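**Q** quick one: sequence and predicted model below, then my questions.
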There are 2 protein chains.
Amino acid sequence: MTDRDTSRTLAHPEAAEIRLEGVLHALSDPVRLSIVLDLAGSADDLACSHFDLPVTKSTTTHHFRVLRESGVVRQAYRGTTKLNALRRDDLEALFPGLLDSILTAAAAESSRLTRVTTGA
Amino acid sequence: MTDRDTSRTLAHPEAAEIRLEGVLHALSDPVRLSIVLDLAGSADDLACSHFDLPVTKSTTTHHFRVLRESGVVRQAYRGTTKLNALRRDDLEALFPGLLDSILTAAAAESSRLTRVTTGA
DNA sequence: CGTCTCCTTCGACGACTCTCGTACCATGGG
DNA sequence: CCCATGGTACGAGAGTCGTCGAAGGAGACG
């Protein structure tokens, strides 16, 4: 009906439209950071339902939209599921090394906090 | 008077207390990102009054507090002025390469957007 | 067709953020 | 001692964010 087609295609920002502030903001939420971390650890695409997040499905939809609209992930429908992939190439071209260092930092912090929590 | 001494010392998080999400959130604001960029470009410390920000003084105070409480900058009083310095070492130890890639990305985006804006 | 699964939309709520103006404190110089 | 300068505290207002539940659409599969 409107210009916001709800059925087939998903709006993604062009690479040139991606803003650093948006990416940093998208990655500053623990839920979204864990999504990105999971996505980075996997070979290719992951369905939304793959993720085990501590929020409801509508909140999950919200987080994936933030990630998509900030240019961090690319999404595409495949049947009833929606596949998600990191936009590694675009991000690397715009901000060389940024994604990797954030990913490394997130992994480091995750293990650091786990160690503290478990006391090991 | 109270335990919140307003005159001499400023509360900073320990290095181990610095959270990646907090750092990313702190850096996801354009004003704060420009502060950090300016701070990184300078040799050492800069007074708050050095910065030419498009906000009022109270807002500036707010942004510097966010940067300090997230562990991005260290602040110290020197007479009537307050000096600011990036916590490069702490951040580098916690998140290797992160600050540099964000700084590089910010500089790249800044020049990219300037180019677009001026049409040059 | 019926139904199941996956995901979206909508409206709502509380919390937090950014911004400001005004009043204020602390240091330093005349 | 008075005042100028640099920064803070305290509201307060507008906006955004993260979260949820209920309702519903789109494919797949019997």
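**A** Arrived safely, thanks for sending.
**Q** near chain B, which residues of chain A?
**A** A:19-22, A:24-25, A:27-30, A:33, A:94-98, A:100-102, A:104-106, A:108-109, A:112 (Cβ under 8 Å from any Cβ of the partner chain). Where you see a C-beta, it was placed from the backbone N, CA and C, and this is true even at glycine.
**Q** out of the residues you listed, which are inside helices?
**A** If you go by DSSP state H, these have A:20-22, A:24-25, A:27, A:30, A:33, A:94, A:98, A:100-102, A:104-106, A:108-109, A:112 in helices.
**Q** so how do I select the buried members of the residues you listed in PyMOL?
**A** Here is the PyMOL command that picks out the buried ones among these, judged by 16 or more other Cβ atoms under 10 Å in any protein chain shown:
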select buried, chain A and resi 20+21+22+24+25+27+33+94+98+100+101+102+104+105+106+109
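**Q** residues in contact with the residue nearest the centre of chain A?
**A** The centre of chain A sits closest to residue A:36, judged by Cα atoms, centre = their mean, with a distance of 4.1 Å. Taking Cβ atoms under 8 Å, 6 or more residues apart in numbering or on different chains, we find residue A:36 in contact with A:27, A:67, A:72, A:73, A:86, A:103, A:106.
**Q** again, but for residue A:101
**A** With contacts defined as Cβ under 8 Å, 6+ apart, residue A:101 is in contact with B:95, B:96, B:97, B:98, B:100, B:101, B:102.
**Q** could you check how far it is from residue B:104?
**A** 10 Å (Cβ to Cβ, to the nearest Å).
**Q** that older thread, kindly reformat the contacts of residue A:101 as CSV containing pLDDT and distance to residue B:43.
**A** As requested, the contacts of residue A:101 are exported to CSV (pLDDT from 0 to 100; distance: Cβ to Cβ, whole Å):
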residue, pLDDT, distance to residue B:43
B:95, 97, 23
B:96, 96, 23
B:97, 97, 22
B:98, 98, 22
B:100, 97, 17
B:101, 97, 21
B:102, 98, 20
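**Q** biggest separation within those residues, which pair?
**A** Greatest spatial distance in those: B:96 and B:102, 12.6 Å, computed using Cβ to Cβ.
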